[in-house]
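A.B. asks: the sequence and its predicted three-dimensional model are supplied below.
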Amino acid sequence: MRNTRLIARLDIKGPNLIKGIHLEGLRVIGQPNEYAKRYYEQGADELIYIDCVASLYGRNSLGDMVQNATKDVFIPMTVGGGIRSIDDATHILRCGADKVAINTAAVANPSLITDIAHRFGSQCMVLSIEAKRVGPERWEAYTDNGREDTGLDVIEWVRRGVALGAGEVLLTSVDQEGTRKGFDVALVRAVTAEVSVPVIASGGMGTLEHMVDVVETGAADAVAMADILHYGRASIGEIRAAARNADLNVRKYGND
Amino acid sequence: MIEVAVIDYGVGNLLSVGRALEHCGAKVIVTTDAQRILSADRVVLPGVGAFAEGMAALEVNGLDTVVRQVAARGIPLLGICLGMQLLFDHSFEFGTTQGLGLIPGRVVSIPSMTSTGQSQKIPHIGWNQLVVPSHSDSWQDGLLVNISPGDAVYFVHSFMAEPASADLRLADCHYGGISISAAVALDNVMGCQFHPEKSGEVGLRVLKNFMRR
């Protein structure tokens, strides 16, 4: 079994790290790169930066922030929010990002997925999906922080996105996000059963058991965490130890 | 202060490589200039992407010759990811392409079947553990001194180097039961398939070792 990746997710609005519930009602947490450095030093496997308001303004403003983070953070970084073109992707990769996460622009123009995969490799192209439950075992894809319904069925969309070249999926449950009530495990299970690329489960981690559940039952390849880290309810080290106690494979870190 | 020239031939995440070297105390110059490369204390050949394009990009600026001069003059040279693969004789990625020929061996695709016949994901992406290759010395000195077998580093690649002899292999990693060459060395010419600049503290230690050498 491969290592389960433990990923710290940083949602950004302007200069601030923020946290919402159901991706809304955003509350300011602090200075993003202070948290990025802390999570790096705690042994996070990767970081994800998402510009929450970028799609609204039609641009990603995280270039400078990511560029600064590369002074202190020496793990892979995925950056998303408002990336609409090859040029946008090129810019953010030059700023030190390793992968781009794309939601709105991929829905509007699915060929962008292929273009980015061809240009930078599919490992660089993360398809970001905001999923809302619309019935038993049925979810629809949303954009703009869960505000705009695309009408796309999540399972069909993820299958298509991977066929177009997406090398990884960032799967956020709008229903669970910020609630601390656990991941939408059925959603994650349905997506991991459908595609062979790695799937990052995001939204809802309240306890360490939630992580174990989404990996064991949902078959998530990676777990994105925000609230539980930002509010200091657990450190990456504690989460890593809990994963190991539950017999999940995680990266060997430091002396542990 | 140790001056490290990072060769800028249009491929790869140069910013991250430079920042990691700076963090390790280097004065970093990102350059295509032959004189500046040849006068540096250390030279890094980074790279992401396809072998043929990488080689062509080097040749356009005559940098292939410069890199060979670096090796011939005994300046410590570190190839990273594609940069490591380019050090070898040739690659079979989309046809056969000649490499720099600084380390005997070739570059082939990672088998898409595991040793037990199951299909496996290509590219090989993510954290994987470094292991001491069979018939090899432990890491008493050189690039991996103070790295422990089992330490994890970050990989992103679809092709892998096959050194012509086992003693060129400094470290391997295991993927689907297959041994992948993770670090190689021949005198002053070194390479790592993983990204030390994205491999946390372990990766930074590798870069420090390279600078100390």
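C.D. replies: Yes, it's here.

A.B. asks: next SSE downstream of the helix or strand of chain A with the lowest mean pLDDT?
C.D. replies: With mean pLDDT, DSSP states H and E as the measure, the helix or strand of chain A carrying the lowest mean pLDDT is helix A:54-57 (a mean of 69). In the C-terminal direction, the helix or strand that comes right after helix A:54-57 (DSSP states H and E) is helix A:63-69.

A.B. asks: show the residue spans covered by the strands in chain B.
C.D. replies: Counting by DSSP state E, residue ranges of the strands within chain B are B:3-7, B:27-31, B:42-45, B:77-80, B:88-91, B:97-98, B:103-109, B:124-129, B:152-157, B:159-163, B:169-175, B:178-186, B:189-192.

A.B. asks: A:Leu23: which of those is closest?
C.D. replies: Evaluated with Cβ to Cβ, the strands of chain B place strand B:124-129 nearest to A:Leu23, the distance being 27.1 Å. (C-beta placed from N, C-alpha, C; glycine too.)

A.B. asks: how about the residues of chain A near chain B?
C.D. replies: Chain A comes close to chain B at residues A:2-3, A:5, A:40, A:43, A:45, A:67, A:70-72, A:74-76, A:93-96, A:98, A:121-123, A:167, A:196-198, A:251-254, as judged by Cβ under 8 Å from any Cβ of the partner chain.

A.B. asks: turn the strands of chain B into TSV, columns for distance to A:His22, mean neighbour count and mean pLDDT.
C.D. replies: What follows is the strands of chain B, written out as TSV (distance: least, Cβ to Cβ, whole Å; neighbours: other Cβ atoms under 10 Å in any protein chain shown; pLDDT from 0 to 100):
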stretch	distance to A:His22	mean neighbour count	mean pLDDT
strand B:3-7	44	24	97
strand B:27-31	44	16	97
strand B:42-45	46	26	98
strand B:77-80	42	28	98
strand B:88-91	49	21	96
strand B:97-98	51	16	96
strand B:103-109	44	18	96
strand B:124-129	30	22	92
strand B:152-157	33	23	95
strand B:159-163	43	21	96
strand B:169-175	39	22	95
strand B:178-186	43	22	96
strand B:189-192	43	27	98
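
A.B. asks: from the residues of chain A next to chain B, which ones fall inside helices?
C.D. replies: Assignment to helices by DSSP state H places the following of the residues of chain A next to chain B there: A:40, A:67, A:93-94.

A.B. asks: are any of the residues you listed buried, and if so which?
C.D. replies: For these, burial is judged from neighbour counts taken by 16 or more other Cβ atoms under 10 Å in any protein chain shown, and it is met by A:40, A:67, A:93.

A.B. asks: I figured the second one hits B:Ser16, correct?
C.D. replies: No. Taking Cβ atoms under 8 Å as the definition, A:Gln67 is not a contact partner of B:Ser16, at 10.0 Å.

A.B. asks: which neighbours do the two have in common?
C.D. replies: Taking Cβ atoms under 8 Å, 6 or more residues apart in numbering or on different chains as the contact criterion, the residues that touch both A:Gln67 and B:Ser16 are A:Gly96.

A.B. asks: quickly find the element holding the closest residue to A:Gly204 other than its chain neighbours.
C.D. replies: Closest residue in space to A:Gly204, ignoring its immediate chain neighbours: A:Gln176 at 3.1 Å, by Cβ to Cβ, 6 or more residues apart in numbering or on different chains. Element membership of A:Gln176, judged by DSSP H and E, is empty: it is in no helix or strand.

A.B. asks: residues in contact with A:Gln176?
C.D. replies: Contacts for A:Gln176 were tallied using Cβ under 8 Å, 6+ apart; they are A:182-184, A:203-204.

A.B. asks: most widely separated two among the residues you listed?
C.D. replies: A:Gly182 and A:Gly203 (9.5 Å).
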